[in-house]
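Asker: predicted structure and sequence below. I'll ask about it afterward.
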Amino acid sequence: TCEFDSDQYLIGILLFAIIVFFLPSFAVFYLLFTFIQLSVVVIQSVGFLIVVGMKEFPFYTFIAYFLFPEMLSDSIQLKLLNKKSLPQPSEHNHSASSSRLNVQTSKAIIESNHHHNEKTELLSSSSE
């Protein structure tokens, strides 16, 4: 059994009143604003997910699928071929086709140069 002065009783009563009456107020304040902050973060996250979903979701493809299904292909078919069924390249055919290409290209260049020379001759004779 300890004996206290009146000053000590007064400090004890004040500390007790502060703890008993203010602690629930502080706790409710903390919980309220924590809940508000959490709800703001959730709303921002949902908004962000909506924006990302609208940017990344293929709306055009789904609209085209339901409104214009003939625009999209129905299926893709792949066939496996045997090596025997593939055409075998031969060096002789390859060189012959490339030489034909070169001959055709050089003929086209000669013809275009000849045609260009005729045009310049016509233009020069008409200006005289």
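Answerer: On my side now, so go ahead. Residues are numbered from 1 along each chain as shown.
Asker: lowest-pLDDT helix or strand in the chain?
Answerer: Taking mean pLDDT, DSSP states H and E as the measure, the chain has helix 91-127 as its least confident helix or strand, at a mean of 51.
Asker: Arg64: how many residues sit nearby?
Answerer: Not quite, residue 64 is Ala, not Arg. When neighbours are counted by other Cβ atoms under 10 Å, Ala64 registers 14. C-betas here are computed from N, CA, C, even on glycine.
Asker: to clarify, my last question referred to Phe21.
Answerer: Quick note: Phe21 (other Cβ under 10 Å) scores 9 neighbours.
Asker: give me the three-state assignment for it.
Answerer: Taking DSSP: H, G, I helix; E, B strand; the rest coil as the rule, one finds Phe21 in the helix state.
Asker: and the pLDDT at it?
Answerer: If you check Phe21, the pLDDT there is 89.
Asker: I figured Phe4 was touching Gly12, is that so?
Answerer: Yes: the pair Phe4 / Gly12 is scored as a contact, 7.4 Å apart, by Cβ atoms under 8 Å.
Asker: now do the SS call for Lys83.
Answerer: Recorded secondary structure, Lys83: coil (three-state DSSP).
Asker: next, count neighbours for it.
Answerer: Neighbourhood size, Lys83 [other Cβ under 10 Å]: 6.
Asker: identify the residues contacting stretch 41-48?
Answerer: Residues from elsewhere that reach stretch 41-48 (Cβ atoms under 8 Å, 6 or more residues apart in numbering): none.
Asker: oh sorry, the question was meant for stretch 10-28
Answerer: Here stretch 10-28 makes contact (Cβ under 8 Å, 6+ apart) with Phe4.
Asker: go with 10 Å
Answerer: 4-5, 29 (Cβ atoms under 10 Å, 6 or more residues apart in numbering).
Asker: make a markdown table from the residues you listed and add distance to Val51 and neighbour count to it.
Answerer: Output for the contacts of stretch 10-28, formatted as a markdown table (distance: Cβ to Cβ, whole Å; neighbours: other Cβ atoms under 10 Å):
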| residue | distance to Val51 | neighbour count |
| --- | --- | --- |
| Phe4 | 65 | 10 |
| Asp5 | 67 | 8 |
| Phe29 | 33 | 11 |
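Asker: right, I'll call it a day here.
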